[in-house]
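Engineer: A predicted structure for the sequence below; I have some questions about it.
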Amino acid sequence: MNKIKISNHVSVYQNGMNCVIIEKNGTVCLINCNPQIMPNLNLNIKQIICLNYRSSINGGIIKFSGSNVQIAAPEQQLELFENPMQRLGDEKYRLHVYDFHPDNDLISDSVKISTALFDGAILDFEDIKIEFFEVRGDTDGELGCIIHDGVKIGVCADIICGDGKIPFLYRLCKDSGNFDDYHAYLACKDDLLDSLRKFDDCDVLLPARDNIINAPRSTIEALAVRLNALYENYAAASALNYYTPGYLKPSAPMIPAKTAVTPANIKYLFCNFIIISENKRGFLIDCGTQHGFDMIAELFKSGELEAIDICYITHYHHDHVDMLDKLRDLYHCKIYAPQSFADMLVNPEAYYMTCLSHVSVSPEVLPDNYNFTWEGCNFTHFEFPGQTLYHGGLLFDDGSARFLFCGDSFAPTGFDDYCPQNRNFTGRNRGFHKCLDIIENLKPDFIINQHQEQAFVYTQNEIDFLRDNLDEREKLMRDLTVWESPDYSLDPYWLKMYPYVSRVRQGEPCVKELQFTNHTDKPAQITVKFNASPGIIVPEYIDISVPVTFSTAQVKPGTSSISAEIWLNGVYFSEICRGVIFVN
Ligand SMILES: [Fe+2]
């Protein structure tokens, strides 16, 4: 056992993560009991303390469930320990989701909690005092603690790493005030830093992973400098400065691009646009809101519109697709969608993404760079991984001007990148850089965003500003995050199960694919260990092999989960990948 002594009674067991062990009078208390902890450590474990609900940090508690071990957990999260399957099974946490706290990093079976912990609580373990306090910013209701064992030993969850870095940036998409989580990337960074500063006076800080922090104050300050620099960069080029001026507070924001009124044949329909030809035929771009749908009916009523031929979908978000089934049934138009998310329109519950719709439709799939004509006008469709990875861009040329429908990706003030759960990646030739490549090559006269009544114009000045911003951001993120690529910190879904939700009869095999995004340009080796709810039979340690079949022969009907612990090139990420099975 790789055990590092911290004080008389406290040590850290390093098993890919850090499990804190307090040993006194022949009994043991564990903190951060990660999935790699085995019950046969030859320790007389009496108490386990969970600082948050996350299985990636506390998944090991399942192995002690039903024993005499007392488990303590945050008061605000008790339901997530005692009834995790109810949350995983409820579609309101999978569809139309704008809030990600808590997320699906849940333990795979119910665990009884014997002690509820809270801000200000003190737990006495064999006369060793453990003080608890609220930690804000990463996980709602999370706690940190200080163990008093001659020296002051801070213990935290996954909120800081060894030399002032951060493991999971995407979790900082969280608002503590009026906004939803979706629009709030980095909004909680001051909450996080203020919470971390409660460890300033500790002699040592034990994070859930990476190196032990021997100089907490300076390490936390190093993290603050890096996080504030990233915030400045992000806030300088954000669409939020257009939609909600004043929410972000950049010191040097982008000068807004010029805007222009769209011509009469391109009409704004609130999250949709419609192009109307001289023959009164319609080409719709997106159809996601009742309001927009009603506006289409008004156009028919007024005689401006006599038919809809095509609806092109820019991306899978519910505010762009929720009315597609009604549109198809009422107006019998074709639905066009990019390859990247066509399957999401057919099988939304196969995915765990933000803003998924409940509506399922089968679109005609457009390949990348596809040209077509309608009513004498030329169109070109591109894969356009801007606001989300699953996104298209459409160039419309009516002979008088060229318009690029960019979906939700850009604004006069910069990027729509305030939600990492949409999967925006760093680096050239992907993500927003790829979108800027397309804009730079096409040089459209106007860019149109689905949520903006006016078009806008990007000149080379705007493109250069945005490229420089992205290049600087990549460097800042490399400095701030711990993995081989910063995208492993930004992307919650670099390893995912497909389908996310499976529906099988009891006894039927359940097949799920593991889908992996390598965020480096080097070969990568993935090792996986599956864990699951009771009754689901999983393969043992494997080098990746897809698809993977799980047996449901012994599971009770209801909701079950399967999770995967991941090692990337030998580095342990913990249990960051999860899928759901409904057994009937
Ligand atoms: Fe939208």
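Structural biologist: Here it is on my side, so go on.
Engineer: look at the residue of the stretch 401-550 of the chain found nearest the ion and tell me its secondary structure.
Structural biologist: Closest contact between the stretch 401-550 of the chain and the ion, by C-beta to the ion, is at residue 408 (4.4 Å). (Each C-beta comes from the backbone N, C-alpha and C, glycine too.) Put simply, residue 408 is coil when judged by DSSP: H, G, I helix; E, B strand; the rest coil.
Engineer: residue ranges with poor pLDDT in the stretch 251-400 of the chain?
Structural biologist: Within the stretch 251-400 of the chain, no stretch has pLDDT under 70.
Engineer: how's this structure carved up into domains?
Structural biologist: Following the assignment in automatic domain parsing, the chain carries domains at 3-236, 258-476, 494-583.
Engineer: which one of those has the lowest average pLDDT?
Structural biologist: Ranked by mean pLDDT, the domains of the chain bottom out at domain 494-583, with a mean of 86.
Engineer: re the thing from before, residue contacts, the residue of the stretch 401-550 of the chain closest to the ion?
Structural biologist: Residue 408 sits next to 239, 314-315, 317, 320, 386-387, 391, 416, 449-451 when contact means C-beta atoms under 8 Å, 6 or more residues apart in numbering.
Engineer: try residue 212
Structural biologist: Per C-beta under 8 Å, 6+ apart, neighbours of residue 212: 4, 6, 12, 18, 162, 204-206.
Engineer: return the member of these nearest to residue 74.
Structural biologist: Closest approach to residue 74 among the contacts of residue 212 (C-beta to C-beta): residue 206, at 17.9 Å.
Engineer: quick one: contacts for the closest one?
Structural biologist: 6, 12, 18, 20, 32, 153-156, 212-213.
Engineer: any quick PyMOL command for the buried ones out of the residues you listed?
Structural biologist: Remark: buried members of these, expressed as a PyMOL selection using 16 or more other C-beta atoms under 10 Å:
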select buried, resi 6+12+18+20+32+153+154+155+156+213
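Engineer: secondary structure and distance to residue 358 added to the contacts of residue 206, as TSV?
Structural biologist: Converted to TSV, those look like this (DSSP: H, G, I helix; E, B strand; the rest coil; distance: C-beta to C-beta, whole Å):
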residue	secondary structure	distance to residue 358
6	coil	50
12	strand	46
18	strand	41
20	strand	43
32	coil	37
153	strand	48
154	strand	44
155	strand	42
156	coil	38
212	coil	47
213	strand	45
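Engineer: can you redo the contacts of residue 206 as TSV with distance to residue 531?
Structural biologist: Output for the contacts of residue 206, formatted as TSV (distance: C-beta to C-beta, whole Å):
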residue	distance to residue 531
6	29
12	23
18	20
20	22
32	17
153	29
154	29
155	24
156	24
212	27
213	29
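Engineer: and which of the contacts of residue 206 is nearest to the ion?
Structural biologist: residue 156 (35.7 Å).
Engineer: now residue 33: closest residue in space, sequence neighbours ignored.
Structural biologist: residue 60 (4.1 Å; C-beta to C-beta, 6 or more residues apart in numbering).
Engineer: that neighbour contacts residue 41, doesn't it?
Structural biologist: No: the criterion here is C-beta atoms under 8 Å, and residue 60 misses it with residue 41 at 10.4 Å.
Engineer: which ones are touching residue 383?
Structural biologist: Residues 338-340, 368, 391-393, 434 are the ones in contact with residue 383 under the rule C-beta under 8 Å, 6+ apart.
Engineer: of those residues, buried ones?
Structural biologist: 338, 340, 391-393, 434.
Engineer: around the ion, pick out the residues from the stretch 301-450 of the chain.
Structural biologist: Contact residues (C-beta under 5 Å from the ion) of the stretch 301-450 of the chain with the ion: 319, 408.
Engineer: now the strands for the stretch 301-450 of the chain?
Structural biologist: Along the stretch 301-450 of the chain, counting by DSSP state E, counting those that start in this stretch, strands occupy 307-312, 334-338, 364-366, 370-374, 377-383, 392-397, 402-405, 410-411, 414-415, 446-448.
Engineer: for those strands, which one sits closest to residue 472?
Structural biologist: Between the strands of the stretch 301-450 of the chain, strand 414-415 lies closest to residue 472; by C-beta to C-beta that is 13.1 Å.
Engineer: right, and the ion sits closest to which residue of the stretch 1-150 of the chain?
Structural biologist: residue 98 (11.3 Å).
Engineer: so residue 367 makes contact with residue 339?
Structural biologist: Yes: with contact defined as C-beta under 8 Å, residue 367 counts as touching residue 339 (6.1 Å).
Engineer: the nearest residue to residue 582 once chain neighbours are set aside: what secondary structure?
Structural biologist: Spatial nearest neighbour of residue 582, chain neighbours left out: residue 503 (4.8 Å); criterion: C-beta to C-beta, 6+ apart. At residue 503 the chain is in strand, as set by three-state DSSP.
Engineer: returning to what we had before: so which of the strands of the stretch 301-450 of the chain is the most packed in?
Structural biologist: Of the strands of the stretch 301-450 of the chain, the one with the most neighbours on average (mean count of other C-beta atoms under 10 Å) is strand 410-411, at a mean of 28.
Engineer: partner strands of it and their direction?
Structural biologist: Applying DSSP bridges, strand 410-411 is found paired with strand 414-415 (antiparallel).
Engineer: tell me how far the strand it pairs with is from the chain's mean position?
Structural biologist: 19 Å (C-alpha atoms, centre = their mean, to the nearest Å).
Engineer: residue 580 should be in a strand, yeah?
Structural biologist: Yes: assigned with three-state DSSP, residue 580 falls within a strand.
Engineer: where's it relative to the ion, distance?
Structural biologist: Taking C-beta to the ion, to the nearest Å as the measure, residue 580 falls 26 Å from the ion.
Engineer: that residue: what's it in contact with?
Structural biologist: 88-89, 500-502, 559-562.
Engineer: the helices in the stretch 401-550 of the chain, which residues?
Structural biologist: Remark: helices assigned in the stretch 401-550 of the chain by DSSP state H, counting those that start in this stretch are 431-442, 460-480, 487-490.
Engineer: up against the ion, what does the protein have?
Structural biologist: So the chain meets the ion at 319, 408 (C-beta under 5 Å from the ion).
Engineer: ok, the most centrally placed residue in the chain - contacts?
Structural biologist: Centroid check for the chain by C-alpha atoms, centre = their mean gives residue 421 as the closest residue, at 2.8 Å. Residue 421 is in contact with 100, 170, 173, 182, 353-354, 492, counting by C-beta under 8 Å, 6+ apart.
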